[in-house]
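Novice: Here is a sequence with its predicted model. Questions after.
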Amino acid sequence: MLDKFFKITESGSSVKTELLAGVTTFMTMAYILAVNPGILSATGMDINAVFTATALSALIATLVMALVAKLPFALAPGMGLNAFFAFSVVLGMGHTWQMALTAVFLEGIIFILLTLFNVREWIVNAIPMPLKHAISAGIGLFIAFIGLQNAGVIINNDAILVGLGDIKSAPVILMLAGVVISAVLLALKVRGALLIGIFAITLAGIPFGVTQLPEGALLSTPPSLAPIFWKLDFSQIFSMDMMIILFTFLFVDMFDTIGTLVGVSDKAGMLDKDGKIPNAKAAFMADAIGTTAGAVLGTSTVTAYVESASGVAEGGRTGLTALSTAGMFFLALFLSPIFLMVPAAATAPTLLIVGYFMMSPVLKINFESVEEGFPAFVTIIMMPLTYSIADGIVFGLLAYVAIQLITGKIKKLSPMMLILAALFIVKLVI
């Protein structure tokens, strides 16, 4: 039944592969269960309630992705978007977290409408193939950088922005060991290589104090949502601040999700000959529904997770991968101490190796052509340097449009490309 519903055999996969891929995806993104509550609690929101909202919103959105879109992508409250919510909207601009949740709720409703009218799908289809390949490669560099940063291999250096961390520290040594273990297992074509690497380093980290064993009961009832559930404030719905906040949420979420879906689909060989994502409308609806539900539950914007690439790297190709990930989020509600004990040193090797996998579409870009190669290069380099998938797409697409206009090749630009370029300029100015 599973095979027929998800077309697993037709996709060249198996039930075992899909399940392992889903668990791998979850393990590489489970950090959000600890990080998101920590960030949003800075606004005064109840940290325990936010944990439940984070897990439930991820569960709902990923279930829609699994059962409706039938694609191997997971969703959860997005990093960057949660920081904007807490540190810019609430702590920076002085608004209440209730007002910020209202902006997220409105964003979700708008995204549902944009998805129903195929606007988001039109945007994806308007992006030239060279930029789609570049998005995949850029995401590869971005998530590899995240992994190196999480493990302390790359650290903040005031003089030169980034620098090499303490390679003699236990987390870094364990991370490097994890890279070796996972890479060797992959070379030997061992199924579940990335997941085995995560578990091995988690266990190895115990005697070093890197893996913190949970205290108390491993099984617990999910914290109540009561302090943050349906706490929306519509009193400032027509204010200029609301318009700016809403535009920012819309823009970043839209292009983070587009970038992730395009990049990971390209790497998985799931784009059709015209560069279109299968079931794109349903995939975007999962994002929209997740964001709307998340705001009601009490968390920031839900978006597709780039860590889904780890599951794809393990062979995940269908919605069963996402269903497996959703199941892990359900378990996490009751077994949070176990899932939260996995250290960054254990997941960082997976992100680095997946970054390597994501780079291969760059071979499809014609770098001999400046009008194709340069915008692709800009897209790739700007993602890790701006720490944003959305900003990488912005600068890459603007470079592409500028070159076509200046060289008199405006006929190569679709009306949607010109509209996007104008919106991107407005975004940068604001």
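Specialist: That came in fine, so what should we check first? Residues are numbered from 1 along each chain as shown.
Novice: What distance do you get for Leu188 to Ser182?
Specialist: Look at Leu188 and Ser182: by Cβ to Cβ, to the nearest Å, they are 11 Å apart. In this view, the C-beta of every residue, glycine as well, is placed from N, C-alpha and C.
Novice: if you count what's nearby, which of those two comes out ahead?
Specialist: Under the neighbour definition other Cβ atoms under 10 Å, Leu188 and Ser182 were set side by side, and Ser182 has more, 24 against 8.
Novice: Report the spatially closest residue to that one, excluding sequence-adjacent ones.
Specialist: In space, and not counting its chain neighbours, Ser182 is closest to Gly197: 3.5 Å by Cβ to Cβ, 6 or more residues apart in numbering.
Novice: does Thr115 belong to a helix or a strand, and which?
Specialist: With elements taken from DSSP states H and E, the one containing Thr115 is helix 97-116.
Novice: which strands and helices sit next to that helix?
Specialist: With contacts defined as 3 or more Cβ pairs under 8 Å, 6 or more residues apart in numbering; DSSP states H and E, helix 97-116 has these neighbours: helix 119-126, helix 240-268, helix 280-297.
Novice: how far away is Ile127 from Ser308?
Specialist: Following Cβ to Cβ, the distance that separates Ile127 from Ser308 is 19 Å.
Novice: ok, now Lys411?
Specialist: Counting by Cβ to Cβ, the gap from Lys411 to Ser308 is 36 Å.
Novice: now do Lys276
Specialist: Using Cβ to Cβ, one gets 18 Å for the distance from Lys276 to Ser308.
Novice: And Leu340, by the same measure?
Specialist: 20 Å.
Novice: Also Ala34?
Specialist: With distances taken as Cβ to Cβ, Ala34 is found 19 Å from Ser308.
Novice: and what of Leu320?
Specialist: On the measure of Cβ to Cβ, Leu320 and Ser308 end up 13 Å apart.
Novice: And these two? Which one has more around it.
Specialist: For Leu320 versus Ser308, the count of surrounding residues by other Cβ under 10 Å is larger for Ser308: 33 against 27.
Novice: what helix or strand is Thr303 on?
Specialist: Using DSSP H and E, Thr303 falls within strand 302-304.
Novice: For my notes, confirm Glu215 occurs in a strand.
Specialist: No. Counting by DSSP: H, G, I helix; E, B strand; the rest coil, Glu215 is not found in a strand; it is coil.
Novice: and it, how many neighbours does it have?
Specialist: A count of nearby residues for Glu215, using other Cβ under 10 Å, gives 7.
Novice: For it, give me its contacts.
Specialist: When the contact criterion is Cβ atoms under 8 Å, 6 or more residues apart in numbering, the partners of Glu215 are Pro337.
Novice: What of the one 4 residues further on?
Specialist: Contacts for Leu219 were tallied using Cβ under 8 Å, 6+ apart; they are 334-335.
Novice: and it, how far is that from Leu71?
Specialist: Between Leu219 and Leu71 the distance, using Cβ to Cβ, works out to 32 Å.
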